[in-house]
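# Predicted structure and sequence below. I'll ask about it afterward.
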Amino acid sequence: MTIVNISDISAELLLTVLFFLIIIAPLISLGILRLFESKKKVGLRLIGAGVLCFIAFEIILSVFFA
């Protein structure tokens, strides 16, 4: 294993990525869990919310960190 150099990443970018990962990953995983529990409406809403957060994340990255 090697050590990854993250000195080129700005603090703002790092915090933005971490913030959205904290939001996107649980939304999608909870959505999948709800689908397995046969709660399709709630599960699809959670997955949709995760996808919308991902789209917002991509827009924010392209606007502010281009």
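Cool, got the structure.

# Ala49 touches Leu30, doesn't it?
No: judged on CB atoms under 8 Å, Ala49 makes no contact with Leu30 at a distance of 9.5 Å. Every C-beta, even on glycine, is put in place using the N, C-alpha and C of the backbone.

# Now for the spatially most central residue of the chain: which residues touch it?
The chain has Ile24 as the residue nearest its centroid, 2.9 Å off, counting by CA atoms, centre = their mean. Contact analysis of Ile24 by CB atoms under 8 Å, 6 or more residues apart in numbering lists 50, 53-54, 57.

# most neighbours, which of those residues?
Sorting these by how many neighbours each has (other CB atoms under 10 Å) puts Gly50 first, at 20 neighbours.

# That one: which element?
Per DSSP states H and E: Gly50 is located in helix 40-64.

# remind me which residues of the protein are low pLDDT?
Across the chain, nothing is flagged by pLDDT under 70.

# Can you lay out the contacts of Ile24 as a markdown table showing distance to Ala66?
Below are those laid out as a markdown table (distance: CB to CB, whole Å):
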| residue | distance to Ala66 |
| --- | --- |
| Gly50 | 24 |
| Cys53 | 20 |
| Phe54 | 18 |
| Phe57 | 14 |
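
# if we can go back for a sec, which stretch of helix or strand covers the residue nearest to the centre of the chain?
In this structure, Ile24 is located in helix 11-36 according to DSSP H and E.
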